[in-house]
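Enquirer: fold the following for me, if possible:
(chains A, B, C and D)
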2 protein chains.
Amino acid sequence: MTGISQRDTMGGLAKGLSVIETFTAERPRQSIAEVSAASGLDRATARRCLLTLTHLGYADYDGKFFTLTPRVLRLGTACLAAMPLPHMVQPWLDRLSEELGESSSVSILDEDEIVYVARAAQRKVMSIALMPGSRLPAYCTSMGRVLLAALPEPEAMRRLLLKPLAARTELTRTDPEEVMAEVRATRARAYAVIDQEVELGLRSIAVPLLTARGGTVAALNLGLPVHAGDVETMVSRYLPALTRVQGEIRKILR
Amino acid sequence: MTGISQRDTMGGLAKGLSVIETFTAERPRQSIAEVSAASGLDRATARRCLLTLTHLGYADYDGKFFTLTPRVLRLGTACLAAMPLPHMVQPWLDRLSEELGESSSVSILDEDEIVYVARAAQRKVMSIALMPGSRLPAYCTSMGRVLLAALPEPEAMRRLLLKPLAARTELTRTDPEEVMAEVRATRARAYAVIDQEVELGLRSIAVPLLTARGGTVAALNLGLPVHAGDVETMVSRYLPALTRVQGEIRKILR
DNA sequence: CATGATTTGTGCGATATCTCAACAAAAATT
DNA sequence: AATTTTTGTTGAGATATCGCACAAATCATG
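Expert: Predicted structure coming up:
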């Protein structure tokens, strides 16, 4: 695999994608100058990107501010639709959630974040709505620990160090070394448990989804409210169902 | 608002986005030649786009086939996160679904498709999992009818004629004129009912979400299994709750 | 309302990228 | 195995785009 040479790149595409990514919940409406500042592009370039996006229907322009249109969602859904994994696991998630009366999800790792790719929501325990495409940091989630455990340690550590670890609750572990120790423990016992490190009142238990050859391709989890019992009870009561689904999915993966 | 002149466009961006959109559930792994054929781009250009996407982390390359990576989802979620509407309506959806024990959703229109932007899933009645970003055709959905009814008729008709109307079930109306008549009726009574036109066993009722000034910005619906009663019962039982939420949201919109 | 500050739009030379064609490697076919 | 077809890669001239600098427009303020 040779490196990417200058002749094989398309600057315009890279710039345009970075422009799309400057739109966030905090800045849903942006002027040319704002996009230019946020993306580091020249104003003239940012303007060309925005006008092109508008022309293609990916953005709207009211003469002053640009906003993204739902057409942009086609890009993401193209990606989700193109993944075989979500379709394969959805029936299992539905059955699992139905049976246990709790929400289950499957996620994969993108740098230092987990990305939900399939979910069967059963009842509302989390304050924010999770859905395919949603992201949470890996360091404080059960699926994140499972997915980090599948990486070589230096690589897992690199990802833990990308951003400072925020204390989302008073129980959140924020020391990378401490999290790394949990990741090691997760690797040893082949499942991860999170006790209110993402949000108070919410626990979660996760196992890796493996191919027949043993490679981790995703993580499967179950979210549980604290009143479902203490951590040991939770593991003894719910882990068997997770490992059973893990085994079934392993048979049909790759 | 001046027209887009040749000097204000960025071809590379347009090409790259069209390359991303060539990836679908049917073609999740594509070679350079396949992408070239699907996008209409020259092989050399398609190759440059794909290599650039790979270099940026939006695609993977195994030497023969390209696949999209979860990073692409950032583009779509950037868009969803940038929309104020989903955050505003989510609590209402949660309450509504909890109260009635059925799934409710909010969607907006993108050409001839509705795009789910928020959803509170309560139980499983549809065969496919719907989530924010999911798309369904407008012509055979209650929210689609509501959203089409808010457009000038010629524009609504244009969208109905973009693709042939598929008979998803034996109850699906596939004649554009007939659908247009339903759209007119929807406009007159200010809500829409769909009886198993998307999927057998599934009915749905929708109302528009309006701003204080009366403009339709989205649609709100409730999905109901057929065993919830006949259509009249369904309307008398569930429409009041929908119009109540519609009124509450109208107060806080724009 | 004048003035300064900020933002947006545009012309231009320098540079990157596109198109098109040719060619070599790989795959499919005979 | 030879031939045909498809595919990936490369080069060169033509074209589009970049980034800068400046003009026009808009906004903020006394």
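Enquirer: tell me which residues are up against stretch A:155-163.
Expert: A:E111, A:D112, A:P137, A:A138, A:Y139, A:L148, A:A149, A:L151, A:P176, A:V179, A:M180, A:V183 (CB atoms under 8 Å, 6 or more residues apart in numbering or on different chains). Just so you know, the C-beta spots here come from the backbone N, C-alpha and C atoms, and that holds for glycine as well.
Enquirer: quick one, what contacts the third one?
Expert: Counting by CB under 8 Å, 6+ apart, A:P137 touches A:D112, A:E113, A:I114, A:G144, A:K163, A:L165, A:A166.
Enquirer: which SS state does the nearest residue to A:A138 once chain neighbours are set aside fall under?
Expert: Spatial nearest neighbour of A:A138, excluding adjacent residues (CB to CB, 6 or more residues apart in numbering or on different chains): A:G144 at 3.0 Å. Assigned with DSSP: H, G, I helix; E, B strand; the rest coil, A:G144 falls in the helix class.
Enquirer: one more: A:I108?
Expert: strand.
Enquirer: in the sheet, who's paired with the nearest residue to it once chain neighbours are set aside?
Expert: Nearest residue to A:I108, sequence neighbours excluded (CB to CB, 6+ apart): A:A218, at 4.9 Å. Listed by DSSP bridges, the beta-bridge partners for A:A218 are A:L209.
Enquirer: now the one 4 residues further on
Expert: When bridges are assigned using DSSP bridges, the partners listed for A:L222 are A:S104, A:I205.
Enquirer: so what's the residue count around it?
Expert: 26 (other CB atoms under 10 Å in any protein chain shown).
Enquirer: what residues does chain A put near DNA strand C?
Expert: Selection of chain A residues close to DNA strand C by CB under 7 Å from any atom of the strand yields A:6-7, A:9-12, A:31-34, A:43-44, A:47, A:64.
Enquirer: on that earlier part again, which of the contacts of A:P137 count as buried?
Expert: The neighbour-count criterion (16 or more other CB atoms under 10 Å in any protein chain shown) marks A:D112, A:E113, A:I114, A:G144, A:L165 among the contacts of A:P137 as buried.
Enquirer: what sits against the closest residue to A:S142 other than its chain neighbours?
Expert: The shortest distance from A:S142 to any non-neighbouring residue, by CB to CB, 6+ apart, is to A:A206 (3.6 Å). Residues near A:A206 by CB under 8 Å, 6+ apart: A:141-143, A:145-146, A:191-194, A:219-222, A:242.
Enquirer: relative to strand A:104-110, how tilted is the biggest helix by length in chain A?
Expert: As assigned by DSSP state H, the longest helix anywhere in chain A is helix A:231-252. Angle between the axes of helix A:231-252 and strand A:104-110 is 70 degrees (criterion: axes from the mean of the first three to the mean of the last three CA atoms, to 10 degrees).
Enquirer: who touches helix A:231-252?
Expert: With CB under 8 Å, 6+ apart as the criterion, helix A:231-252 contacts A:88-89, A:92, A:96, A:99-100, A:102, A:191, A:193, A:195, A:203, A:205-212, A:220-222, A:224, A:228-229.
Enquirer: could you do stretch A:80-89 as well?
Expert: Stretch A:80-89 is contacted by residues A:106, A:108, A:117-118, A:132-133, A:209, A:217-218, A:220, A:249, A:252-253, B:23-25, B:27-28, B:67-68, B:73, B:133 when judged by CB under 8 Å, 6+ apart.
Enquirer: out of these, which are buried?
Expert: With neighbours counted by 16+ other CB under 10 Å, the contacts of stretch A:80-89 contain buried members at A:106, A:108, A:117-118, A:132-133, A:209, A:217-218, A:220, A:249, A:253, B:23, B:28, B:67-68, B:73, B:133.
Enquirer: returning to what we had before: which of the contacts of A:A206 are buried, as a ChimeraX select command?
Expert: Of the contacts of A:A206, the buried ones can be selected in ChimeraX as follows, counting by 16+ other CB under 10 Å:
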select /A:141,142,143,145,146,191,192,193,194,219,220,221,222,242
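Enquirer: not counting sequence-adjacent ones, nearest residue to A:E182?
Expert: A:R145 (6.0 Å).
Enquirer: swap that for A:L171, sorry
Expert: Leaving aside its sequence neighbours, A:L171 sits nearest to A:Q196 (CB to CB, 6+ apart; 4.8 Å).
Enquirer: can you show me the helices along the stretch 1-150 of chain A?
Expert: Listed in chain order, the helices found in the stretch 1-150 of chain A under DSSP state H, counting those that start in this stretch are A:11-21, A:32-39, A:43-56, A:73-82, A:84-100, A:142-149.
Enquirer: show me what the second one is packed against.
Expert: Counting contacts by 3 or more CB pairs under 8 Å, 6 or more residues apart in numbering or on different chains; DSSP states H and E, the secondary-structure elements packed against helix A:32-39 are helix A:11-21, helix A:43-56.
Enquirer: just to revisit the earlier point, pull out the buried residues from the longest helix of chain A.
Expert: Buried, per 16+ other CB under 10 Å, within helix A:231-252: A:M234, A:V235, A:Y238, A:L239, A:A241, A:L242, A:V245, A:Q246, A:I249, A:R250.
Enquirer: low-scoring stretches of chain A, by residue?
Expert: For chain A, the stretches with pLDDT under 70 are A:1-7, A:123-125, A:127.
Enquirer: how is it partitioned into domains?
Expert: Domain ranges of chain A: A:6-74, A:83-252, per automatic domain parsing.
Enquirer: I'd like these as TSV, with distance to B:A38 appended.
Expert: Compiled in TSV, the domains of chain A are given as follows (distance: least, CB to CB, whole Å):
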stretch	distance to B:A38
domain A:6-74	15
domain A:83-252	18
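Enquirer: so which of these is nearest DNA strand D?
Expert: Comparison of the domains of chain A against DNA strand D by CB to the nearest atom of the strand identifies domain A:6-74 as nearest, at 3.7 Å.
Enquirer: hmm, that closest one in reach of DNA strand D?
Expert: Yes. Under the criterion of CB under 7 Å from any atom of the strand, domain A:6-74 makes contact with DNA strand D via A:R7, A:D8, A:G11, A:G12, A:K15, A:L41, A:D42, A:R43, A:A44, A:T45, A:R48, A:K64.
Enquirer: and the residue lying closest to the last one once chain neighbours are set aside, what does it touch?
Expert: I take that to be A:K64. Spatial nearest neighbour of A:K64, chain neighbours left out: A:S31 (6.3 Å); criterion: CB to CB, 6+ apart. Neighbour list for A:S31: A:K64, A:F65, A:F66 [criterion: CB under 8 Å, 6+ apart].
Enquirer: can you give me the neighbour number for the residue lying closest to A:A25 once chain neighbours are set aside?
Expert: Take A:A25 and drop its neighbours on the chain: the residue closest to it by CB to CB, 6+ apart is B:A81, 4.3 Å away. By the criterion of other CB under 10 Å, B:A81 has 19 neighbours.
Enquirer: relative orientation of the helix or strand harbouring A:E182 and helix A:231-252 in degrees?
Expert: A:E182 belongs to helix A:176-189 when assigned by DSSP states H and E. Interaxial angle, helix A:176-189 versus helix A:231-252 (the same axes, to 10 degrees): 60 degrees.
Enquirer: sweet, I'm off.
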